[in-house]
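Participant: for reference, the sequence and a predicted model appear below.
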Amino acid sequence: MHSLFDPKANQEILDRIDRLTPITLSEWGVMTVSQMMEHCQMPLRVVYGTLELKVSWLAKLLYGRSAKKMFTGEKKFKNSLPTAKEFIIKHEPNFETAKAGLKDLVTKFSREGKNGIVVTSHPLFGHMSYEEIDSAQWKHLDHHLRQFGV
């Protein structure tokens, strides 16, 4: 499995982000490229402690364990999965601002490593190891970069 903690794998994600342009179209889903880049910042902000998710106890009970397995396992995500309401970007972000923000957060993951992660208890998945957090973050980024053909 790839690791955002690994500088080489982290740089590969950054290189893929750099291949995006304001006119890059998605292969599925409804997000624009700018919305996708802002959306991809949200899970990183959760583990950095700058965004808090609100999850009902019922959702955690019904979906927490199976969702955690999907997010941290080896299989790629399916297309057009539901997301947390806090992750839905309804406005059209500035392309360059969204791109720079995403690259900064991805770079921080490798630069600060485990010390940068302040939240290891996910509101839906429960406790996550650093390796599980790493896997979920990499898979999420890879999923959306593939969505936009890079």
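Facilitator: All right, it came through fine. Numbers count the residues shown, from 1 in each chain.
Participant: mind saving the C-alpha coords of stretch 88-107 as CSV?
Facilitator: What follows is stretch 88-107, C-alpha atoms only, in CSV (Å, rounded to 0.1, in the frame of the first residue of the first chain):
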residue,chain,number,x,y,z
ILE,A,88,-19.5,18.8,0.2
ILE,A,89,-18.3,21.9,-1.6
LYS,A,90,-21.2,23.8,-3.1
HIS,A,91,-19.4,27.0,-4.2
GLU,A,92,-16.8,27.2,-7.0
PRO,A,93,-13.4,27.7,-5.3
ASN,A,94,-10.6,29.6,-7.0
PHE,A,95,-8.6,27.0,-8.8
GLU,A,96,-5.1,28.2,-7.8
THR,A,97,-6.1,28.7,-4.2
ALA,A,98,-7.7,25.2,-3.9
LYS,A,99,-4.6,23.6,-5.6
ALA,A,100,-2.2,25.4,-3.3
GLY,A,101,-4.2,24.6,-0.2
LEU,A,102,-4.3,20.9,-1.1
LYS,A,103,-0.6,20.7,-1.9
ASP,A,104,0.2,22.4,1.4
LEU,A,105,-1.8,19.9,3.4
VAL,A,106,-0.4,16.9,1.4
THR,A,107,3.1,18.2,1.9
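Participant: so which strand or helix has residue 133?
Facilitator: Element membership of residue 133, judged by DSSP states H and E, is helix 130-147.
Participant: could you name the helices and strands sitting against that helix?
Facilitator: Here helix 130-147 touches helix 7-18, helix 33-48, helix 57-72, helix 95-112, going by 3 or more CB pairs under 8 Å, 6 or more residues apart in numbering; DSSP states H and E. Every C-beta, even on glycine, is put in place using the N, C-alpha and C of the backbone.
Participant: which one of those lies closest to residue 139?
Facilitator: Minimum separation from residue 139 across these (CB to CB) falls at helix 57-72, 6.6 Å.
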